[in-house]
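1. Requesting a structural model of the entry that follows:
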Amino acid sequence: MDPKRGTDMKMNAIRSGIVVLGALAFGYLSIQIGFKPYLEKAQNQNALYQSDSDPSQGSSSSAFPERRL
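-> Below is the predicted model:
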């Protein structure tokens with residue numbers, strides 16, 4: 001095998017890895033920007049639900065009651 005060919009293969013592998021990482025980052029940011037209004041609405045609803053629950057009752061913060069055995 002030609003030494004130049006091995007170097008070219010390594011550079012192509014590095015280039016491909018960089019392209020894949022860039023595509024993943026772009027996809028992640030696209031999802032975050034695209035769903036931002038829905039995520040904020042869900043966070044606001046969760047905060048409202050948490051503030052509505054009465055902490056003096058001592059119940060857990062989950063929507064389901066704890067099972068006692």
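2. what helix or strand is the residue nearest the centre of the chain on?
-> Geometric centre of the chain, nearest residue: residue 28, 7.6 Å, by Cα atoms, centre = their mean. According to DSSP states H and E, residue 28 maps onto helix 3-34.
3. re earlier: quick one: the residue nearest to the centre of the chain and residue 37, what's the gap?
-> Distance of residue 28 to residue 37, given as Cβ to Cβ, to the nearest Å: 17 Å. Using the backbone N, CA and C atoms, a C-beta is placed for each residue, glycine as well.
4. swap in residue 25?
-> For residue 25, the distance to residue 37 - Cβ to Cβ - is 22 Å.
5. Give me the neighbour count for residue 49.
-> Residue 49: 11 surrounding residues under other Cβ atoms under 10 Å.
6. er, residue 10 actually
-> Residue 10: 10 surrounding residues under other Cβ under 10 Å.
7. Quick check: it vs residue 51, distance?
-> From residue 10 across to residue 51, the span is 56 Å (Cβ to Cβ).
8. For stretch 14-28, what does the pLDDT average out to?
-> Stretch 14-28 shows a mean pLDDT of 97.
9. which residues sit against it?
-> Stretch 14-28 is contacted by no other residue when judged by Cβ atoms under 8 Å, 6 or more residues apart in numbering.
10. Check the offset of that stretch from the chain's centre.
-> 16 Å (Cα atoms, centre = their mean, to the nearest Å).
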